[in-house]
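J.: Quick one: sequence plus predicted model below, questions after.
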2 protein chains.
Amino acid sequence: MIRDKSSANGSADAGLERVAIIGSGNWGSAIARIAASNAKANPRQFHPEIIMWTHEEDFEGRPLTEVINSTHENPRYLPHVNIGENVRAEKDLGKAVANATALIFVTPHQFLEATLEELSGKIRDGVRAVTLIKGVKVEGSDMTTFASVISSRLNIPCSALCGANIAQEVAMDLFSESTLGIPTSSSGDLESLPEVKLWKTLFQTPKFRIRVVADVEGVCLGGGLKNIISLAAGFIDGLGWGANAKAAIMRTGFMELHDFCLEFFPSTTSSTFLQESCGFGDIIASCIGGRNRKVAEAMVKTGKNISELEDTLLDGQKLQGALTARDIHNFLHARRDSVKRPGGYPLFEAVWNICYNNMEPEKLIDNL
Amino acid sequence: MIRDKSSANGSADAGLERVAIIGSGNWGSAIARIAASNAKANPRQFHPEIIMWTHEEDFEGRPLTEVINSTHENPRYLPHVNIGENVRAEKDLGKAVANATALIFVTPHQFLEATLEELSGKIRDGVRAVTLIKGVKVEGSDMTTFASVISSRLNIPCSALCGANIAQEVAMDLFSESTLGIPTSSSGDLESLPEVKLWKTLFQTPKFRIRVVADVEGVCLGGGLKNIISLAAGFIDGLGWGANAKAAIMRTGFMELHDFCLEFFPSTTSSTFLQESCGFGDIIASCIGGRNRKVAEAMVKTGKNISELEDTLLDGQKLQGALTARDIHNFLHARRDSVKRPGGYPLFEAVWNICYNNMEPEKLIDNL
């Protein structure tokens, strides 16, 4: 492992970016592998050590951080992949971020609030952040992206990276694309912005290609809402209705996602959804290969309910698309007197009804 | 079979629309089933008999038209589906169209020219047409949609119907959507146009839903070009590169298709491709379920060339996507000095190179 004992203010690495990854799950570990490789390849811009804040847990009798730091693999969340000798797992959040100039947020979203609370007062001035967390925070009639939560809580700029990025495939270096959303009001050349140079140098590889848009909210929203569509696609697969029906449902869901984002987040840009990996691409990948699709297919084929399938197919984890469908239903219900889209969002509502109100999947198409 | 011996000018059915379907293949037969059912259900608007011009051939010792007219099935191109007792197969093109007020073109596109030649002078005044033929006609640096060919050759208005419509699934009454493109310069309510009323009444069912756009060219082009993308998606499947890569290639191809159409057919509308079944939907369906995808996957997995696979997988028929890729390559080559899109159309070119120049499929992503 490369260890540099000099402080961030020491002469040897003054001016170098120091990266901390907040989270060490499947996606966090996969992105650590890329960041570590790119930091090492760009020694004039980056300190080589990538610190990965890791929730300490036991792995086969040893602390997980110790296993990661000695084997350079995360056997709990990304087994059999060398993530790089210059990744250092650190269980103490304060220590992980103490010298960081660049923070990558990739925690499970239910832990973000507590993490931000703990970070308060511990980060350096001028630090920049990017979030890879998918999902949106809904409270009654309010909805917020996690980029916005991070930015306002820590009072720092926050970009977002999201796309058709099934973590295991990225970790295997299979070809993928992603979208970087940058907080800027500049209408000029995005590629020349310091944030873009920072994150693209850190994340882009020949097999992981990044396109940039000036739309952080849009980048966050696609990944947050798309799992509702994956469930709908999975229901169609379960019913055996074929490719035409699946294409029709994906199209309908995609239009609802697009219109929903533009209605409730007026700063977002239509093309972010229609043309970028975080919109079009992510929907395709998760309707072909995602686990929400798989569970929805099994719901129809086995007749089992969500919680039974969460136990058997998701190792006890919650089905993200169902939670999102419920959040969106509650949000739309709270705003029921002011929804502008003619006919509302019938596919989103149908998915919620199938998940939580025993609606028959065959009725998915009735109100479209 | 319902037979009405009165002429179109007779008193009993004066003013009724009389429908002739020009073509009786897989898609022609599937659409005949819908048209026959809808004509029968709307006796105040349609003469009940749907005439289906059928290229006469032998089927197990009997003329195909005779088999269709006695069994109400087309065992050669759509076996085991009752297409309706009010469909009458007619081998004589002149007789088929003599009284028709509404022509549905659904021949294989290589036969369209000869068919139009033969139709000249045989159709009634005021007849309206719709084309369901996918593909584009390319001659050197000229490219024309088949709607445009029909319209200019017969001097009649021609609409287009195209979407995520795998014929077998539509014939089985599985849920599908389609897009109707109407030739109009009206910016008003499209639903009130006579063409829209005619074609929607004839084609729409609860399981075959139609959205209307004022963009005939766009509706034709999506279906014409999308098979190039299906081949690219199939190569990715053959390589086993996963869902991220497939989504990336579909997104890239979709953007090339979109930009190509807007560059060379300035009358087309961006939303036709990005939001309608004939664009987004058709690409999804053919990249999931189409036969171009299947052959491309087999090319990579077996190492066989196109003509070997056409023999074994397509019953000797030509691989449409490869022909289209060649047409587009020739077209772009002829216009090489004036292509406006920065970087050109690298995915289209790569598919052509893989099909005809032994380029390795792994190189598909090199120039994107």
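T.: Thanks, I have it.
J.: what about A:Ser307, how many neighbours?
T.: For A:Ser307, the tally of surrounding residues (other CB atoms under 10 Å in any protein chain shown) stands at 11. All C-beta atoms are positioned from the backbone trio N, CA, C, and that covers glycine.
J.: Same question for A:Cys355.
T.: Neighbours of A:Cys355 using other CB under 10 Å come to 23.
J.: can you pull out the strands in the stretch 201-350 of chain A?
T.: A:208-213 (DSSP state E, counting those that start in this stretch).
J.: Quickly list what the closest residue to A:Glu191 other than its chain neighbours is bridged to.
T.: Nearest residue to A:Glu191 in three dimensions, chain neighbours excluded: A:Val212, at 6.7 Å (CB to CB, 6 or more residues apart in numbering or on different chains). Beta-bridge partners of A:Val212, counted by DSSP bridges, are A:Leu180.
J.: My guess is A:Val212 contacts A:Phe203. True?
T.: No: contact criterion CB atoms under 8 Å: A:Val212 and A:Phe203 do not qualify, at 11.0 Å.
J.: Quick check: neighbours shared by those two?
T.: A:Leu180 (CB atoms under 8 Å, 6 or more residues apart in numbering or on different chains).
J.: Give me the buried positions along stretch A:36-56.
T.: Buried residues in stretch A:36-56, counted by 16 or more other CB atoms under 10 Å in any protein chain shown: A:36-40, A:46-55.
J.: With stretch A:271-287 instead?
T.: So stretch A:271-287, judged by 16+ other CB under 10 Å, has buried residues A:272-287.
J.: now swap in stretch A:131-144 and tell me
T.: For stretch A:131-144, by 16+ other CB under 10 Å, it's A:Thr131, A:Leu132, A:Ile133, A:Lys134, A:Gly135, A:Val136, A:Lys137, A:Val138, A:Met143.
J.: Dump those to a markdown table, plus pLDDT, distance to chain B and secondary structure.
T.: Output for the buried residues of stretch A:131-144, formatted as a markdown table (pLDDT from 0 to 100; distance: CB to the nearest CB, whole Å; DSSP: H, G, I helix; E, B strand; the rest coil):
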| residue | pLDDT | distance to chain B | secondary structure |
| --- | --- | --- | --- |
| A:Thr131 | 98 | 19 | strand |
| A:Leu132 | 97 | 15 | coil |
| A:Ile133 | 94 | 18 | coil |
| A:Lys134 | 84 | 14 | coil |
| A:Gly135 | 81 | 19 | coil |
| A:Val136 | 89 | 21 | strand |
| A:Lys137 | 90 | 26 | strand |
| A:Val138 | 89 | 26 | strand |
| A:Met143 | 93 | 23 | strand |
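J.: Pass me the low-pLDDT residue ranges in chain A, would you?
T.: A:1-13 (pLDDT under 70).
J.: Up against chain B, what does it have?
T.: Of all the residues in chain A, those in contact range of chain B (CB under 8 Å from any CB of the partner chain) are A:164-166, A:169-170, A:172, A:174-177, A:209, A:241-248, A:250-251, A:254-255, A:258, A:274-277, A:280-282, A:284-286, A:288-290, A:365, A:368.
J.: please redo it, this time with the cut-off set to 6 Å
T.: For chain A, the contact set with chain B under CB under 6 Å from any CB of the partner chain comprises A:164, A:166, A:169, A:174-177, A:241-245, A:247-248, A:250-251, A:274, A:280-281, A:284-285, A:288-289, A:365.
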